[in-house]
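1. quick one, what's the 3D model for this:
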Amino acid sequence: MDNADACETAIVRRLVEFPFLPSSFAVINAALDMIEVKPNEVFADLGCGDGIVLIEAARRFNVFCVGFELNPMLVKLALENVKRSGVGHLVDIVQTDLFTADLSKFNVIYVYPFPTIIRRLSEKIVDECPEGTRIIVHDYCLAGLRATKHVQTAKRGLHAHSVRLYVL
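-> Residues are numbered from 1 along each chain as shown. I've put the predicted structure just below:
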């Protein structure tokens, strides 16, 4: 595969497997309301986009947060948002494919996955996350796992968003 083919493959993968679908503040608040995060725990957002979930988690829980994002333009936006938010000392953004990230170090994970990656993401979570890890998923169900909590946000337009909490 030459460089042009590799670049095209990366762009297609970003658009098909990891499109930027931001979570609304209603969803973010519902998600963060579902959990308690202790001061020594670490929060992660897989596919952090603009970084807003990380910023809100850092503000609310005063814990270290790490975001993983594949798209370099979104990494730049997230870094700018984090810097402006005043929680830069609590948030790190890593430009990488979430499937290369080591999830074993995180106590709480937030993800708004695209349906095409659910099975593979579910397997990665089960394989890497230790017992007690809390996973918050926007809109979709993890394969082979049972949610311990489920809430829906108020319906806006044609869609009411779901937030599910899984505890390993």
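
2. tell me where the chain is predicted with low confidence.
-> 1-22, 154-158 (pLDDT under 70).

3. mind listing the strands for it?
-> Remark: strands of the chain, listed N- to C-terminal, are 42-46, 64-69, 91-95, 108-111, 134-138, 149-152, 162-167; assignment by DSSP state E.

4. turn those strands into a markdown table, including mean neighbour count.
-> Placement of C-beta: from N, CA and C, glycine included. Rendered in a markdown table, the data for the strands of the chain read as follows (neighbours: other Cβ atoms under 10 Å):
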| stretch | mean neighbour count |
| --- | --- |
| strand 42-46 | 25 |
| strand 64-69 | 24 |
| strand 91-95 | 19 |
| strand 108-111 | 25 |
| strand 134-138 | 24 |
| strand 149-152 | 13 |
| strand 162-167 | 19 |
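
5. for those, which one sits closest to S23?
-> For these, distance to S23 was read as Cβ to Cβ. The smallest value, 5.4 Å, belongs to strand 134-138.

6. which strands or helices does the closest one pack on?
-> Contact partners of strand 134-138 among helices and strands, from 3 or more Cβ pairs under 8 Å, 6 or more residues apart in numbering; DSSP states H and E: helix 25-33, strand 108-111, strand 162-167.

7. re earlier: would you turn the strands of the chain into CSV with distance to D127?
-> Output for the strands of the chain, formatted as CSV (distance: least, Cβ to Cβ, whole Å):
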stretch, distance to D127
strand 42-46, 14
strand 64-69, 17
strand 91-95, 20
strand 108-111, 13
strand 134-138, 13
strand 149-152, 23
strand 162-167, 14
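
8. of all the ones you listed, which lies closest to L79?
-> In terms of Cβ to Cβ, the element of these nearest to L79 is strand 91-95, at 5.4 Å.
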